[in-house]
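In: model the following, please.
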Amino acid sequence: MKRSLDQDDPTEPTEFNTVQPDIIEQKLLGAGRSGEVFLLKTTEQQIARKIFFADPLANLVHYIFSGAPNPYIWNEDAIWCAYYRRKILSDLIQVWFGSYLQVADALSVDWHCQKRAYQLDAQFVQGRAVALRQPFRQGKDEEFPELVHHIMRPLQRKLIESGCDGLVWQAGKGNPVALNNFLLTESSAEADINGNENSNDDRAVPHFVWIDLESGVPALFPLNILTLFSFYIPKSLHHKQALFDDIDTAKLMQFIQHDRADITVELGEKKYIQLIEKIKQLEHHQRRWKSLRRVDRSIQYQYKKGRITATQAQWYTRHPIAWYGREIGRGLRQGLRGLFVTLPLKIADKIQTLQLKKFLATLGKLIISQSYRLEFTRDHVGDRIKQWQSRQQLSTDETEYLLSRLYSEHSSDYLVDFSMHVALKLLIYGFEVTFLPILYALGWINEVGAGILFLLDGPIARSTYTGIRMTQYTAQGKSMPWLALLVGLIPVIGTIAFPCQLIYSAGRQRGKVAQFIVYDSFTRLGQKIPIYGGEDTSTEHFFNRLGHRIIQALSSRHRAT
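Out: Purely as a prediction, here's the structure:
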């Protein structure tokens, strides 16, 4: 039975009976597809506050499958489901993993009046993402496989077994972006994120905390298409809608009743009884949320955002055809505005941002002046080194060492050549955004020719330069950079040709800056992969480890010496 908007549904958000903390400091920690997260420092504790929103792509996906954006933004029952899920999983994961894995427990929920969206306060976790490979971390890789094989995959199995089907997406099944839902903390073996410790064991061991349990989009876009058909579509059919953080509460209740002995041993009888009550609360709110009609979801979202009045909301609830007519008209107006107003303004802003005169002046100096080219490249690499430090992927000492080596290694012939490849990359970029469209518009090249030039202009420019340099090296009696010539022929990553040559020639003991350039180039490639890439994702780690294998292969010739 689908629930209508005017059936036992408040026209205003509930007055949450929560005492607001005395905030002395607030800063933005980050934003994902489901919300912004702020760190709140109070006189008593630190809180992670997640204020829900949806980006345009996520909005479109939610509209297609449910008729309204992310329900955590506007649906009170949905936000209470998020609250109780964290409470339930906090208890269950303690039983399943002990202190090895914990959940950033929910503290409270509330309505954010300024942003007109719901918010969730949770425990703040002082931790970091698992480490990437880098020039000073080339030994055994423990953190990434530890998280994937000993935390995420066992967690996925436990969630499926207990009926927490929708949470499997946030735990990483087919979802490479889910890796950044977990942080690594250093603490004593029995310490928890509240600072409680067991004095019997003070060994420093790592443990993980699951910090984000709320999805941004329905779980229907796994990277592995087989996972879609073997798990997510069957589970969506089981729950009778696109899988989005759904829990089979009947199955979950059976699960904890079956495992009552283990749960009471770990949590105690009192917490077991409280766990049952939490599941009942979750079932109540999930049923109310999931039973809303599609039209009522759309109406309630627009009302909560202040775009229609309570009277209008009630009227449209009784006249759904009129509502859909209104939404179609609104969608057409927004589409036309986006096409004829917003898009041209964005293009004009992009052109202005390019600052063509400044770009051409910089490009000219890069091509003509070797000293300027070296300085430009050194600044670029230095900025990347500092970026790795800000992500806690390089220590202060490692950062200082690499920055200091920039002033000695940059004089190497191969790093001088790398700076020229950087200049060529900018020249090629200018060609691709200006002359290539002109050639196509004039009809001098067709679609195939444009595609070929776009793919091969970089390799052609790099191989031409490297060929000239090989002639010069021969005249000077130096060994020729054959490896740089071959790597330079590879599209996208060919810019790292001369750093690869330096690693190959110098081995592992020298060329730390060159190694960093290779690690950074491959890691950034993983960050730029659409949808499935980004910082601290499995995609980024895949490309980072690919760069590591290349460095190992290049330096292997020196291991015997």
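In: mind listing what residue 224 touches?
Out: By CB atoms under 8 Å, 6 or more residues apart in numbering, the residues touching residue 224 are residue 174. C-betas here are computed from N, CA, C, even on glycine.
In: from now on call the first residue 42
Out: In the new count, where the first residue is 42, that last one comes out as residue 265.
In: beta-bridge partners for the residue lying closest to residue 156 once chain neighbours are set aside, please?
Out: Distances taken as CB to CB, 6 or more residues apart in numbering put residue 92 closest to residue 156, at 5.8 Å, once the chain neighbours are dropped. Beta bridges link residue 92 to residue 77, residue 160, judged by DSSP bridges.
In: report how many residues lie close to residue 92.
Out: Neighbours of residue 92 under the rule other CB atoms under 10 Å: 19.
In: what pLDDT does the model give it?
Out: Residue 92 carries a pLDDT value of 96.
In: what's in contact with the helix or strand containing residue 66?
Out: For residue 66, the host element (DSSP states H and E) is strand 64-72. The contact list for strand 64-72 (CB under 8 Å, 6+ apart) reads 77, 78, 79, 80, 81, 82, 83, 84, 89.
In: of those, which is the nearest to residue 202?
Out: Checking these against residue 202 with CB to CB, the nearest one is residue 89 at 28.5 Å.
In: and that closest one, what element?
Out: strand 87-93.
In: show the subsequent helix or strand relative to that strand.
Out: In the C-terminal direction, the helix or strand that comes right after strand 87-93 (DSSP H and E) is helix 97-107.
In: what is the mean pLDDT for that next one?
Out: Taken as a whole, helix 97-107 has a mean pLDDT of 91.
In: pLDDT score for the residue lying farthest from the centre of the chain?
Out: Farthest-out residue of the chain from its mean C-alpha position, per CA atoms, centre = their mean: residue 516, at 49.7 Å. As predicted, residue 516 sits at a pLDDT of 87.
In: the one 3 residues further on too?
Out: Note for residue 519: predicted pLDDT of 82.
In: helix/strand/coil for it?
Out: Following DSSP: H, G, I helix; E, B strand; the rest coil, residue 519 is assigned to coil.
In: can you say which of the contacts of strand 64-72 are buried?
Out: For these, a burial check counting by 16 or more other CB atoms under 10 Å picks out 77, 78, 79, 81, 89.
In: quick one, domains of this protein?
Out: As given by automatic domain parsing, the domain ranges for the chain are 64-359, 396-599.
In: let me see the ranges of the helices in the stretch 342-491 of the chain.
Out: 351-359, 361-378, 384-395, 397-409, 411-431, 437-450, 454-471, 477-482, 488-516 (DSSP state H, counting those that start in this stretch).
In: what about these, which gets the closest to residue 586?
Out: Among the helices of the stretch 342-491 of the chain, helix 411-431 comes nearest to residue 586, with 15.8 Å by CB to CB.
In: any buried residues in stretch 311-324, and which?
Out: Of the residues in stretch 311-324, 313, 316, 319, 320, 322, 323, 324 count as buried by neighbour count, 16+ other CB under 10 Å.
In: any idea which of these is closest to residue 266?
Out: The closest of the buried residues of stretch 311-324, once distances to residue 266 are taken by CB to CB, is residue 323, at 31.2 Å.
In: how near is the closest one to residue 526?
Out: Counting by CB to CB, to the nearest Å, the gap from residue 323 to residue 526 is 62 Å.
In: next one: residue 305
Out: Distance, residue 305 to residue 526, by CB to CB: 68 Å.
In: and if you look at residue 435?
Out: For residue 435 relative to residue 526 (CB to CB), the value is 31 Å.
In: more neighbours, those two?
Out: Higher neighbour count among residue 435 and residue 526: residue 435, with 24 against 18, using other CB under 10 Å.
In: the closest residue to that one other than its chain neighbours: how many residues sit nearby?
Out: Once flanking residues are discounted, residue 435 sits nearest to residue 429: 4.4 Å by CB to CB, 6+ apart. Residue 429 has 19 neighbours, counted by other CB under 10 Å.
In: where in the stretch 192-341 of the chain is pLDDT low?
Out: Applying pLDDT under 70 to the stretch 192-341 of the chain picks out residues 228-247.
In: please enumerate the helices of it.
Out: Ranges of helices in the stretch 192-341 of the chain, per DSSP H, counting those that start in this stretch, are 194-203, 208-211, 266-268, 274-280, 290-299, 301-308, 310-331, 335-345.
In: would you turn those helices into CSV with distance to residue 140?
Out: Shown next, in CSV, are those (distance: least, CB to CB, whole Å):
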stretch, distance to residue 140
helix 194-203, 15
helix 208-211, 20
helix 266-268, 30
helix 274-280, 30
helix 290-299, 21
helix 301-308, 11
helix 310-331, 16
helix 335-345, 39
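In: tell me which of these lies nearest to residue 591.
Out: Ranking those by proximity to residue 591 (CB to CB) places helix 194-203 first, at 27.3 Å.
In: confidence score at residue 548?
Out: As predicted, residue 548 sits at a pLDDT of 59.
In: cool, and the one 4 residues further on?
Out: Looking at residue 552, its pLDDT stands at 79.
In: quick check: chain neighbours aside, which residue is closest to it?
Out: residue 543 (4.7 Å).
In: helix or strand for the one you found, which one?
Out: Per DSSP H and E: residue 543 is located in helix 538-547.
In: can you pull the alpha-carbon coordinates of that helix into CSV?
Out: C-alpha atoms of helix 538-547 as CSV (Å, rounded to 0.1, in the frame of the first residue of the first chain):
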residue,chain,number,x,y,z
ALA,A,538,59.5,9.3,-21.0
PHE,A,539,62.7,11.0,-19.7
PRO,A,540,61.9,10.3,-16.0
CYS,A,541,61.6,6.6,-17.0
GLN,A,542,64.9,6.9,-18.8
LEU,A,543,66.5,8.4,-15.7
ILE,A,544,65.2,5.6,-13.4
TYR,A,545,66.4,3.0,-15.9
SER,A,546,69.9,4.6,-16.1
ALA,A,547,70.3,5.5,-12.4
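In: counting contacts, what elements does the helix or strand that that helix is followed by pack onto?
Out: Downstream of helix 538-547, the first helix or strand assigned by DSSP H and E is helix 553-569. Contacts defined by 3 or more CB pairs under 8 Å, 6 or more residues apart in numbering; DSSP states H and E place helix 553-569 against helix 411-431, helix 437-450, helix 454-471, helix 538-547, helix 579-596.
In: single out the most deeply packed of these.
Out: Of the helices and strands packed on helix 553-569, the one with the most neighbours on average (mean count of other CB atoms under 10 Å) is helix 538-547, at a mean of 26.
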